[in-house]
Each structure stands twice: as C-alpha cells, then as structure tokens.
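K.L.:
Have a look at this prediction, sequence included:
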Amino acid sequence: MNLSGSERRAAPDAFSPHSERDVGGLSVTRMKYQTAEEMAAVPRVGKSTFWIASLRVSDLERLGLSVVADPLPESASGPARRGHALIPGMKSANRKTDEVLNWKQQLATAVIELHGPFQ
C-alpha cells in the first residue's frame, strides 16, 4: 500500500493492477473471511513494508466496479484464502486506461481504514 503524506492516506497507485499477476482483475480479500493480520501473514512478493486498506464493496459498486469471489486453495505458496476476490474491471490489460486511472483516484478516497504497517 503506497501512502501519501503524514496523514496515512492511501495513494491512488496503491490500487494499480499488476502488469502480469492481475490478468483476471485486481486481487482483493474480503475481510468477512480474513482479518488484516491474517492477510498480512500471507507470503508476498514485493515491498517489505506494506499497509492493508479497507473499503466497502457497496462503495466499489457505486463506482461501477464489481467484486467477484475467487477463493484460492491451499498451495505451496500459502494457506487457502476463501475470501480472495477479483475486481474484473481493473486488470493487467486495461491498467493504463483513463477509466482505471479514474477508479484508482476514487478508490484512494473511498478507503475507510488503513491497517499496518506490516513487514
């Protein structure tokens, strides 16, 4: 999670789909199934310090985005993640479009809580 300023606000680029890993949509986890601490314990590639943002699905839907369940089974890279979901409107293929850039701005302002920092 990229943060801007000392107020701990999410930066729009924190919601950028990865150029290779987000082919089906931006990867998210529903907190109904996992706490921020449980999500932070999942092995990840990338930055050593990160934050987890909480948003309401209803806020995403108001923006015209859908959240689609995509549970992940247990694997060598980590435990099962039944709360895993995708935002198919924001994916690798369209990550640089004006529409996605606009959504990133709106998602950053829709954050209701930031959890972390985590290592």
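P.N.:
Done, it's in. Residues are numbered from 1 along each chain as shown.

K.L.:
ok, now which ones touch the nearest residue to Gly25 once chain neighbours are set aside?
P.N.:
By the measure of Cβ to Cβ, 6 or more residues apart in numbering, the closest residue to Gly25 outside its immediate chain neighbours is Leu86, 3.4 Å from it. Using the backbone N, CA and C atoms, a C-beta is placed for each residue, glycine as well. Contacts for Leu86 (Cβ atoms under 8 Å, 6 or more residues apart in numbering) come out as Gly24, Gly25, Leu26, Ser27, Val28, Val67, Val68, Asp70.

K.L.:
again, but for Lys32
P.N.:
Gly83.

K.L.:
That one and Glu38, how far apart?
P.N.:
Counting by Cβ to Cβ, to the nearest Å, the gap from Lys32 to Glu38 is 12 Å.

K.L.:
Okay, strands next: where are they in the protein?
P.N.:
With DSSP state E as the criterion, the chain has strands at 3-4, 9-10, 26-29, 50-54, 68-69, 84-87, 113-118.

K.L.:
can you list these in JSON lines and add mean pLDDT and distance to Gln106?
P.N.:
Output for these, formatted as JSON lines (pLDDT from 0 to 100; distance: least, Cβ to Cβ, whole Å):
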{"stretch": "strand 3-4", "mean pLDDT": "50", "distance to Gln106": "15"}
{"stretch": "strand 9-10", "mean pLDDT": "91", "distance to Gln106": "11"}
{"stretch": "strand 26-29", "mean pLDDT": "96", "distance to Gln106": "13"}
{"stretch": "strand 50-54", "mean pLDDT": "94", "distance to Gln106": "13"}
{"stretch": "strand 68-69", "mean pLDDT": "98", "distance to Gln106": "19"}
{"stretch": "strand 84-87", "mean pLDDT": "97", "distance to Gln106": "12"}
{"stretch": "strand 113-118", "mean pLDDT": "94", "distance to Gln106": "17"}
